[in-house]
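Asks: okay, predicted coordinates and the sequence, questions at the end:
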Amino acid sequence: MSKIKTAFFCQNCGYESAKWTGKCPACNQWNTFVEEKVQKELPLRQQGWKTEDARLPKTVHLTDVETMEEKRLLSPDNELNRVLGGGIVAGSLVLVGGEPGIGKSTLFLQVALLLKGVRTLYVSGEESEQQIKMRADRLQIQNEEFYLLTETSTQTIFQEIKKLEPQLVIIDSIQTLQSPLIESAPGSVSQIRETAAEMQRFAKETNTPVFLIGHITKDGSIAGPKILEHIVDTVLQFEGDQHYAYRILRTIKNRFGSTAELGIYEMTGAGLRQVSNPSEILISQRDDMLSGVAIAATIEGLRPMLVEVQALVTQSVYGTPQRTATGFDLRRLQLLLAVLEKRGGFHFGVKDVFLNIAGGLRVEDPSIDLAVLCALLSSYEDVGISHKVCFAGEVGLSGEIRAVNRIEQRIAEAEKLGFEKIFISRYNKKGLDFSKMNIEVVPLGRVDEVYRLLF
Ligand code: TYD
Ligand code: MG
């Protein structure tokens with residue numbers, strides 16, 4: 001009998017320590033250490049995934065390694081293909097994180113059911129067969145090649161996998177998996193690490209893509225699975241506000257493509273719908289001019305998107321004026337208000353300011369600055385901005401409008417959606433060919449120029 005030892009693991013980053021410590025020396029988080037049983041001298045890993053003949057390691061010359069085309073499986077879900085960098089890579093291990101209830105199980109059940117002719121194994125440690133069947137009925141998709149397994153032990157899962165030989169495996173969720181090699185409870189750092197490593201060996205040796213679903217905590221870190229980020233090939237994050245219908249699938253890490261990608265879905269009564277033209281849903285349909293609304297031509301990932309910014313500026317009734325931002329960085333809002341105060345002479349210091357990005361989206365692209373600023377001014381003056389006008393520019397501390405990347409793409413998207421005018425930085429004007437455009441491009445140097453042109 002091998003000796004059972006215990007060790008303390010940081011639940012945030014997976015750091016292992018022999019003694020309990022209040023503060024993790026690796027990630028500086030407090031009170032994250034939990035004692036877990038570990039079995040140091042492992043027997044041969046016969047219970048985990050293992051091929052018949054263990055290959056001996058040997059060094060090779062890089063030039064002798066054959067260049068192979070990455071084999072990719074194109075899923076019927078274009079948004080998923082996009083975030084994976086053009087399809088599911090054979091033998092890849094993909095971690096999908098998201099808060100509970102956001103729709104991870106729905107998304108991957110749907111993807112698996114839509115993959116016709118691909119033998120898929122969906123392993124669920126969270127729901128019963130009936131529950132999954134009910135969900136599949138709700139999605140109204142049938143698939144002959146879809147297999148379901150409600151199991152948490154990796155030993156049993158691999159036995160089934162050997163029998164079934166699936167072409168795609170989905171694990172829902174990694175926190176429920178349990179390896180017989182490890183004593184500690186499912187969801188603990190050592191279990192997650194071991195089960196993921198077993199899945200990785202399986203994926204690499206059989207060239208089968210594996211998706212691991214993992215729950216993340218409210219603060220955004222994948223509880224436990226954070227330690228998996230370096231093991232897996234790709235990390236996707238499924239996010240969105242539960243009160244809004246839109247969900248975003250974002251690439252955090254990808255060994256097979258760009259991390260700048262974004263997939264957008266809408267949660268409907270019958271599953272998730274792919275949103276191929278996000279601008280249409282992000283701009284509310286209206287004909288009249290409302291004050292405090294401005295449209296930004298942003299780029300998220302590689303996709304141009306027109307996003308509506310809403311601002312409300314009111315007289316402050318309390319001593320300290322309130323500032324609230326939804327979908328936009330609050331510090332950035334405070335900075336823009338300071339710019340307006342100092343460079344434009346507007347007295348936002350006595351006003352409450354509320355800012356909202358429509359659709360529950362969170363925008364990181366700095367080119368939204370100009371639209372935020374114009375929405376603020378529009379509400380301050382209570383004068384509406386025409387809904388045929390949009391903005392793309394970053395605002396600097398001295399009130400200058402700075403250039404943004406890929407301006408042609410932004411202008412083209414605005415033109416496609418029927419906008420008549422776009423305000424950009426004059427530093428972006430260079431090299432633009434205005435003759436073919438059906439949209440008026442207004443170059444701006446400073447914040448006060450936009451004020452004079454709009455109000
Ligand atoms: P789920 O996939 O169970 O979330 P997760 O696996 O991330 O915890 O999704 C749960 C939510 O999705 C649930 O609140 C109901 C909603 N939903 C729909 O709105 N429409 C549908 O067709 C389905 C299947 C779920
Ligand atoms: Mg789930």
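Replies: Sure, I can see it. Ligands and ions are numbered 1, 2, ... in the order given.
Asks: where along the stretch 201-350 of the chain do the helices fall?
Replies: Applying DSSP state H, counting those that start in this stretch to the stretch 201-350 of the chain gives helices spanning 278-282, 330-344.
Asks: got the contact list for the helix or strand that the longest one is followed by?
Replies: Looking back up the chat, that one is helix 330-344. Using DSSP states H and E, the helix or strand that follows helix 330-344 in sequence is strand 351-357. The contact list for strand 351-357 (C-beta atoms under 8 Å, 6 or more residues apart in numbering) reads 307-317, 321-328, 333, 337, 363, 368, 372, 375-376, 380. Backbone N, C-alpha and C define where each C-beta goes, glycine included.
Asks: the following helix or strand past strand 351-357 packs against which elements?
Replies: Next helix or strand after strand 351-357 toward the C-terminus (DSSP H and E): helix 369-381. Judged by 3 or more C-beta pairs under 8 Å, 6 or more residues apart in numbering; DSSP states H and E, helix 369-381 is in contact with strand 293-300, strand 303-315, helix 330-344, strand 351-357, strand 389-392, strand 394-395, helix 447-454.
Asks: which bits of the stretch 51-200 of the chain sit near ligand 1?
Replies: Within reach of ligand 1 by C-beta under 6 Å from any ligand atom, the stretch 51-200 of the chain has these residues: G98, P100, G101, I102, G103, K104, S105, T106, R135, R138.
Asks: try it again at 8 Å.
Replies: 98-107, 109, 126-127, 135, 138-139, 172-173 (C-beta under 8 Å from any ligand atom).
Asks: what are the buried residues along the lowest-mean-pLDDT helix or strand in the chain?
Replies: When the helices and strands of the chain are scored by mean pLDDT, DSSP states H and E, helix 278-282 comes last with a mean of 74. Neighbour counts using 16 or more other C-beta atoms under 10 Å place P278, S279, I281, L282 of helix 278-282 among the buried residues.
Asks: same thing with stretch 189-207?
Replies: Using 16+ other C-beta under 10 Å as the test for burial, stretch 189-207 gives 189-203, 206.
Asks: restricted to helices, list those residues.
Replies: Among the buried residues of stretch 189-207, the members falling in helices (DSSP state H) are 189-203, 206.
Asks: and which of these is nearest to ligand 1?
Replies: Using C-beta to the nearest ligand atom, I192 is the member of those that lies nearest ligand 1, at 17.3 Å.
Asks: that closest one contacts I227, correct?
Replies: Yes - with contact defined as C-beta atoms under 8 Å, I192 reaches I227; the gap is 6.8 Å.
Asks: in contact with W20: list those residues for me.
Replies: Shown in contact with W20 (C-beta under 8 Å, 6+ apart): F8, F33, E35.
Asks: repeat that for 10 Å
Replies: Applying C-beta atoms under 10 Å, 6 or more residues apart in numbering to W20 gives the contacts F8, N31, F33, V34, E35.
Asks: ramachandran angles for I157?
Replies: phi -60, psi -40 (degrees, to the nearest 10).
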